[in-house]
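Novice: Predicted coordinates and the sequence they were generated for:
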Amino acid sequence: MKNTFGQSVAVTLFGESHGPMIGAVLDGLAPGVRVDEDLIRMKLALRRGGAALSTARREADPFQIVSGIFEGRTTGTPLCIVIPNGDTHSADYAAMRSLMRPSHADYTAYCKYHGFQDYRGGGHFSGRVTAALVAVGAVAEEALREGGICLGTHLLSCADVRDREFGSLEEDIAALSGKPFPVLDEAAGEKMQAEILRAREEGDSVGGVLETAVVGLPAGVGEPWFDTVEGVLAHILFSVPAVKGVEFGGGFRLAALRGSRTNDPMRVENGQIVTETNFGGGIAGGITNGMPLLFRCAVKPTPSISLPQRTVNIETMENAELSIRGRHDPCIAHRARAVIDAVTAIALCDLMSQRFGTDGWRKNP
């Protein structure tokens, strides 16, 4: 029954989708980090998504920082952020209490918690809980920025429509900041949104692939075996609801190529060691090599759809049919961008603190 991630910098989640509030505690972050509440609000707004493209549930997310901050900066003690739940329609789920929603956590939660779990809106398993992750992740991202590290995520593909890949990383990351629909090619973004709306009209849903870039990471971060950079990031990335695949650098494409094409040649450039290509995604031997960190996450289609689906009644132990009613997303990939940025920032703060100490890696703010 564990809801905590991290070693030097750790995050703990609490709350349920239809409970009074959700929240997160970020522990181990260095003192003196600026806490930009406007940035937190912006990140939460990006997670909410657009009206037609996302759930009709409308939460204003009026967060409250209840500890770990004084005069606008972190104190070094546990930072706790709570967000009340307001726009809950619990009656939407009462009729489905015994019907296990396909590809949701209803059945596995029932098995783990012996039927005592809060089933409303998915309870603690709900994507709603990611709002708390996004809030504390914004603080972690500011800490990275003070250390000269920045990151950004775009929707590389959605419903067979593809965005362009990253080009000039720092420029692209800056362009994505605050962008409601996270694409680098506006024409591709319009096509993606049209596909999302078409899925909604048909009572169905679509998924997508998110691509993340991190620049400014020094070489030498990570461990060679069980706490590799890939391993630590994959751990927290796979904790995000609907993420079903993670690949770094060239990823699965490397399996079809020869080593002569996928090795990253090295050279000295302006007094720095760099690689000519980046098939490794900024990682070698589980440790950063100073090149940009690149990875992608596959986000499955939203399992809540209004089309009839075969399922079971857990109380009668009979086969049943279910058409899900309520307020659901035709796609969550574009909203998940803010969550991926948040968990990436938290994991990197943890890795940097393990390598250089709690605040040894931060530049003077």
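Specialist: The structure has been received and is ready for your questions.
Novice: Please confirm that Leu13 is located within a strand.
Specialist: Yes - judged by DSSP: H, G, I helix; E, B strand; the rest coil, Leu13 forms part of a strand.
Novice: what's across from it in the sheet?
Specialist: Per DSSP bridges, residues listed as beta-bridge partners of Leu13: Ala24.
Novice: Could you list which residues are in contact with Gly147?
Specialist: Shown in contact with Gly147 (Cβ atoms under 8 Å, 6 or more residues apart in numbering): Gly216, Met352, Trp361, Arg362, Lys363. To be clear about C-beta, it is placed using only N, CA and C from the backbone, and glycine gets the same treatment.
Novice: go on, Ala135?
Specialist: Ala135 makes contact with Ala24, Ile40, Lys43, Leu44, Asp61, Phe63, Ile81, Ile83, according to Cβ under 8 Å, 6+ apart.
Novice: just the buried members of the contacts of Gly147?
Specialist: Gly216, Met352, Trp361, Arg362 (16 or more other Cβ atoms under 10 Å).
Novice: can I get those residues in a markdown table with distance to Pro265?
Specialist: Shown next, in a markdown table, are those (distance: Cβ to Cβ, whole Å):
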| residue | distance to Pro265 |
| --- | --- |
| Gly216 | 22 |
| Met352 | 27 |
| Trp361 | 29 |
| Arg362 | 33 |
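Novice: any idea which residue of the chain is furthest from its center?
Specialist: No residue in the chain sits farther from the centre than Thr316, which is 37.0 Å out by Cα atoms, centre = their mean.
Novice: wait, isn't it in contact with Ser98?
Specialist: Yes - using Cβ atoms under 8 Å, Thr316 is in contact with Ser98, at 7.3 Å.
Novice: Redo the contacts of Gly147 as TSV? Include pLDDT, secondary structure and distance to Glu186.
Specialist: Output for the contacts of Gly147, formatted as TSV (pLDDT from 0 to 100; DSSP: H, G, I helix; E, B strand; the rest coil; distance: Cβ to Cβ, whole Å):
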residue	pLDDT	secondary structure	distance to Glu186
Gly216	97	coil	27
Met352	97	helix	34
Trp361	75	coil	36
Arg362	74	coil	36
Lys363	68	coil	35
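Novice: Specify which member of these is nearest to Asp172.
Specialist: Asp172 has its nearest neighbour among these in Gly216, at 14.3 Å by Cβ to Cβ.
Novice: which stretches of the stretch 1-150 of the chain form helices?
Specialist: Ranges of helices in the stretch 1-150 of the chain, per DSSP state H, counting those that start in this stretch, are 37-48, 91-94, 106-113, 130-146.
Novice: Single out the most deeply packed of the ones you listed.
Specialist: A comparison of these by mean neighbour count, using mean count of other Cβ atoms under 10 Å, puts helix 130-146 on top with a mean of 25.
Novice: Quick check: what element follows that one along the chain?
Specialist: strand 150-158 (DSSP states H and E).
Novice: List the contacts of the residue farthest from the centre of the chain.
Specialist: Counting by Cβ under 8 Å, 6+ apart, Thr316 has contacts Ser98.
Novice: same deal with Ala45?
Specialist: With Cβ under 8 Å, 6+ apart, Ala45 has these contacts: Asp61.
Novice: Restricting to C-alpha, output stretch 154-168 in CSV.
Specialist: The C-alpha trace of stretch 154-168 is given here as CSV (Å, rounded to 0.1, in the frame of the first residue of the first chain):
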residue,chain,number,x,y,z
HIS,A,154,5.0,17.6,-27.4
LEU,A,155,2.3,15.3,-28.9
LEU,A,156,4.4,13.5,-31.5
SER,A,157,1.5,11.5,-32.9
CYS,A,158,-2.2,11.1,-32.2
ALA,A,159,-4.7,9.0,-34.2
ASP,A,160,-2.2,8.3,-36.9
VAL,A,161,-1.5,12.1,-37.4
ARG,A,162,2.2,13.0,-36.7
ASP,A,163,3.8,16.2,-35.5
ARG,A,164,7.3,17.1,-36.7
GLU,A,165,10.1,15.9,-34.5
PHE,A,166,12.2,18.1,-32.2
GLY,A,167,14.6,20.5,-34.1
SER,A,168,16.3,23.2,-32.2
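Novice: How far does that stretch sit from its chain's centre?
Specialist: Per Cα atoms, centre = their mean, to the nearest Å, the displacement of stretch 154-168 from the mean C-alpha position of its chain is 17 Å.
Novice: what's the answer for stretch 211-221, then?
Specialist: Counting by Cα atoms, centre = their mean, stretch 211-221 is centred 17 Å from the centre of its parent chain.
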